[in-house]
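>>> structure for this input, please:
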Amino acid sequence: MDTSRLLRTTGTVIAAAGLLLSGCTSGGLGEPRASASPAAPGTVPAALRPYYEQKLSWRECGVPGFQCATMKAPLDYADPGTPGSAQAIDVAVARRVATGPGKRLGSLVVNPGGPGGSGIGYLQAYAGIGYPAAVRAQYDMVSFDPRGVDRSTPVECLSGPAMDKYTQVDQTPDDKAEQAALVAAFKEFAAGCETHSRRILPHVGTVDAARDMDMLRAVLGDEKLTYVGASYGTFLGATYANLFPGRVGRLVLDGAMDPSRSALEMNRDQTEGFETAFRSFARDCAKQPGCPLGKGSPDAVAQRLEEFFRKVDAQPLPTGDAARPLGESLATTGVIAALYDESAWPQLREALTSALGGDGSGLLALADSYYEREPDGKYANLMFANAAVNCLDQPPAFTGPAAVEAALPSFEKASPVFGAGLAWASLNCAYWPVQATGTAGRLTAKGAAPIVVVGTTRDPATPYKWAKGLADQLDSGTLLTYDGDGHTAYGRGSDCVDTAINRYLLDGTPPPPAKRC
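As a prediction, the model looks like this:
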């Protein structure tokens with residue numbers, strides 16, 4: 001993976017935290033559209049009205065063309081307090097105001113996924129400058145860091161050196177001692193999160209983030225929410241639609257999750273998705289001169305990758321950092337990272353070529369980009385927030401090592417290459433210090449305006465069948481299919497997809513049922 005994957009969308013392994021830009025100017029940007037009574041009396045509980053009626057104070061924050069603000073939200077919606085009280089938390093917001101030409105359509109809120117991805121980083125580095133010009137001309141481009149993420153009262157867990165050790169723990173244990181070491185690592189991670197983030201951990205679930213998003217809609221002055229969510233952002237958007245169907249404007253859910261799938265089912269589905277994506281890479285690699293995994297069928301290429309993983313499990317490769325040799329866990333993460341975006345396949349071939357020659361630095365760089373590790377050894381809080389949200393949204397996939405061992409055959413059938421590692425990585429929520437508050441279930445959003453669900457046929461992180469499942473559940477869902485590789489579809493090179501979504505965002509016309517690109 002190169003940075004373009006992170007700029008477009010943040011896709012992370014659903015329950016596997018173990019696996020897995022500066023500011024703005026206010027001058028010359030114009031003004032956002034006037035409020036249109038977004039929180040009429042009676043539509044918002046009285047206790048929340050001080051939050052819904054707050055005014056954002058926009059300021060410069062370093063990136064030309066963008067403005068930033070801080071919105072207050074209740075830590076606990078059951079006991080909200082007031083925006084000025086100790087019961088409130090900060091939610092960081094950024095925007096780029098529409099400058100025209102054309103009629104201003106309000107705010108377009110975007111979310112890159114994760115969970116744990118920084119919406120503000122995504123807005124400033126990609127969406128606010130890379131979305132189609134016609135869309136940016138008519139919408140104020142807006143995003144926020146969801147509660148627990150980056151600039152918004154973040155979840156913190158481990159120091160940089162501790163994370164370095166954590167990412168190296170063997171996630172395909174060969175014996176009871178290695179199993180015990182993996183369990184100990186998961187417990188240490190969870191204990192670190194509890195120590196550093198005890199106050200916020202029970203309150204970072206997707207339902208609370210969706211409630212924050214409705215508050216943001218109101219303080220932006222919009223009667224209805226217009227939204228593009230990618231990857232996990234589709235679950236956030238679908239949750240919003242289910243909570244507030246009458247406030248749904250134009251929603252695009254790209255690279256969709258299926259909320260009816262349990263944590264175990266989702267992890268196994270995603271394992272199959274990465275196998276599908278790897279086979280696409282393998283077919284392409286076999287056609288390239290000097291493919292590091294050789295020629296032949298995808299099965300033959302996969303077998304050679306498995307052999308490579310076994311070798312680095314037994315004897316990690318040097319990387320130029322004596323404290324961080326490339327073992328099987330980091331090598332696997334590096335490969336998985338590059339499967340999110342087919343434009344990263346050449347980089348993966350180069351990294352594998354170097355690794356087979358004894359240099360693990362290329363795969364380590366890919367793993368670092370996945371984990372959002374900086375050159376100075378500091379980690380963004382992506383993986384901390386990812387675990388915190390996932391472990392709260394659903395009960396754990398597994399309750400202990402015995403349950404993983406029982407499920408291993410089904411995971412290895414889903415992916416001979418990645419199955420074992422992804423099964424064991426799914427154990428992390430078993431040791432989480434806060435009990436899950438959510439469960440799997442269908443989201444129908446009955447009464448909502450048309451919602452566009454986008455699925456990519458060979459998406460590694462959000463398998464295509466999830467998009468079909470979500471579109472079927474939503475009363476007003478319509479499925480847009482992209483026959484292609486990589487994670488998500490909008491803005492990734494398909495004129496057919498982009499034209500259909502742009503038309504929906506600009507004039508409200510959804511694609512025809514079952515449209516395929």
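>>> now for T444, how many residues are close by?
Taking other C-beta atoms under 10 Å as the criterion, the count of residues near T444 is 16. From N, CA and C alone the C-beta is placed, and that goes for glycine too.
>>> can you pull the contacts of it?
Listed by C-beta atoms under 8 Å, 6 or more residues apart in numbering, the contact partners of T444 are N242, Q473, L474, D475.
>>> list just the nearest of those residues to E194.
Comparing the contacts of T444 against E194 with C-beta to C-beta places N242 closest, at 30.0 Å.
>>> so which elements touch the strand or helix carrying the closest one?
Counting by DSSP states H and E, the secondary-structure element that holds N242 is helix 232-243. Judged by 3 or more C-beta pairs under 8 Å, 6 or more residues apart in numbering; DSSP states H and E, the packing partners of helix 232-243 are strand 106-111, strand 113-114, helix 206-220, strand 225-230, strand 248-254, strand 451-458.
>>> ok so, going back, need the contacts of T444 in JSON lines with secondary structure and neighbour count, can you?
Listed next are the contacts of T444 as JSON lines, based on DSSP: H, G, I helix; E, B strand; the rest coil; neighbours: other C-beta atoms under 10 Å:
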{"residue": "N242", "secondary structure": "helix", "neighbour count": "21"}
{"residue": "Q473", "secondary structure": "helix", "neighbour count": "19"}
{"residue": "L474", "secondary structure": "coil", "neighbour count": "27"}
{"residue": "D475", "secondary structure": "coil", "neighbour count": "14"}
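>>> so which of the helices and strands packed on helix 232-243 is nearest T333?
With C-beta to C-beta as the measure, strand 113-114 is the member of the helices and strands packed on helix 232-243 nearest T333 (15.8 Å).
>>> chain center to that closest one: distance?
On the basis of C-alpha atoms, centre = their mean, to the nearest Å, the separation between the geometric centre of strand 113-114 and that of its chain is 1 Å.
>>> ok, now stretch 353-371?
Per C-alpha atoms, centre = their mean, the displacement of stretch 353-371 from the mean C-alpha position of its chain is 23 Å.
>>> picking up where we left off before, worst average pLDDT in the helices and strands packed on helix 232-243?
Confidence, taken as mean pLDDT, is least for strand 113-114 of those (a mean of 94).
>>> quick one: contacts for the residue lying closest to R217 once chain neighbours are set aside?
With C-beta to C-beta, 6 or more residues apart in numbering as the criterion, R217 has its nearest non-adjacent residue at 4.6 Å, and that residue is L225. Contact partners of L225, counting by C-beta under 8 Å, 6+ apart, are V109, M213, D214, R217, Y240, F244, R247, V248, G249, L251.
>>> change it to 6 Å
Taking C-beta atoms under 6 Å, 6 or more residues apart in numbering as the definition of contact, the neighbours of L225 are R217, R247, G249.
>>> do the same with L422
Contact criterion C-beta under 6 Å, 6+ apart gives T271 as the residues in contact with L422.
>>> likewise L123?
A94, S143.
>>> check contacts around G229.
Residues in contact with G229, defined by C-beta under 6 Å, 6+ apart, are N111, L236, G237, L253.
>>> distance of the second one from P80?
Spelled out, that is L236. For L236, the distance to P80 (C-beta to C-beta, to the nearest Å) stands at 20 Å.
>>> which of those two has more residues huddled nearby?
With neighbours defined as other C-beta under 10 Å, L236 and P80 compare such that L236 has more, 27 against 19.
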